[in-house]
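>>> With the sequence up front, the predicted model follows.
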Amino acid sequence: MWSVVTEGPIKIEKDKSKWTNEDKRKNNLNNLAMDILYRYLDDNMFNYIISCESAKEVWERLTQLCEGNEQTKVNKFLVAIQQFDNFKMRPRETMSEIDVRFSKIVATLSILGKTYSNREIAIKVMRALPRE
């Protein structure tokens, strides 16, 4: 089914009257994939993809909406790097809160392709803590 999402609907090159059960199943994969994608979208996202005619088209539009184009990805990366570089513990912030906030930044960078060694992360956290 994933091939229908990434490559588009399967075309059956026979007359419909000569289709086997397997041909019918393959022909219906696009409908099944679209149904699955539709089920997990809220009304707002559904409105963006309602005009799509294939599961591939739905997937491409969702990818564009959620990930953005190359410039958007670069901007997200630069913002995450800046957040990492400027990371400091906030006044009255608990260790749990700083851990959650820092973990989100590191996870975002990892998703965008930038990883740090455990040593680099430990040094960054130690430098983010106040002298007290």
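Yep, that arrived. Numbering: from 1, shown residues only.
>>> Domain ranges for this protein, per the record?
The chain breaks down by automatic domain parsing into domains covering 2-67, 70-128.
>>> start to end distance for the last one?
Read it as domain 70-128. End-to-end distance of domain 70-128 (Cα to Cα, to the nearest Å): 31 Å.
>>> List the buried residues in the longest helix seen in the chain.
As assigned by DSSP state H, the longest helix anywhere in the chain is helix 21-39. Using 16 or more other Cβ atoms under 10 Å as the test for burial, helix 21-39 gives 26, 29-30, 33-34, 37. Heads up, the C-betas are built off the backbone N, CA and C, glycines and all.
>>> circling back to that earlier point, reformat the domains of the chain into JSON lines and put mean pLDDT next to each item.
Listed next are those as JSON lines, based on pLDDT from 0 to 100:
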{"stretch": "domain 2-67", "mean pLDDT": "90"}
{"stretch": "domain 70-128", "mean pLDDT": "92"}
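>>> about what we covered before: same for the next helix or strand after the longest helix of the chain, what does it pack against?
Using DSSP states H and E, the helix or strand that follows helix 21-39 in sequence is helix 43-49. Contacts defined by 3 or more Cβ pairs under 8 Å, 6 or more residues apart in numbering; DSSP states H and E place helix 43-49 against helix 55-67.
>>> Would you mind writing the CA trace of the helix it packs on as PDB?
Provided in PDB are the C-alpha atoms of helix 55-67 (Å, rounded to 0.1, in the frame of the first residue of the first chain):
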ATOM      1  CA  ALA A  55      -3.100   9.100  -2.000                       C
ATOM      2  CA  LYS A  56       0.200  10.300  -3.400                       C
ATOM      3  CA  GLU A  57      -1.200  13.800  -3.900                       C
ATOM      4  CA  VAL A  58      -2.600  13.800  -0.400                       C
ATOM      5  CA  TRP A  59       0.700  12.700   1.100                       C
ATOM      6  CA  GLU A  60       2.700  15.400  -0.900                       C
ATOM      7  CA  ARG A  61       0.300  18.100   0.200                       C
ATOM      8  CA  LEU A  62       0.500  17.000   3.800                       C
ATOM      9  CA  THR A  63       4.300  16.800   3.700                       C
ATOM     10  CA  GLN A  64       4.400  20.400   2.200                       C
ATOM     11  CA  LEU A  65       2.000  21.700   4.900                       C
ATOM     12  CA  CYS A  66       3.800  20.000   7.800                       C
ATOM     13  CA  GLU A  67       7.400  20.200   6.800                       C
END
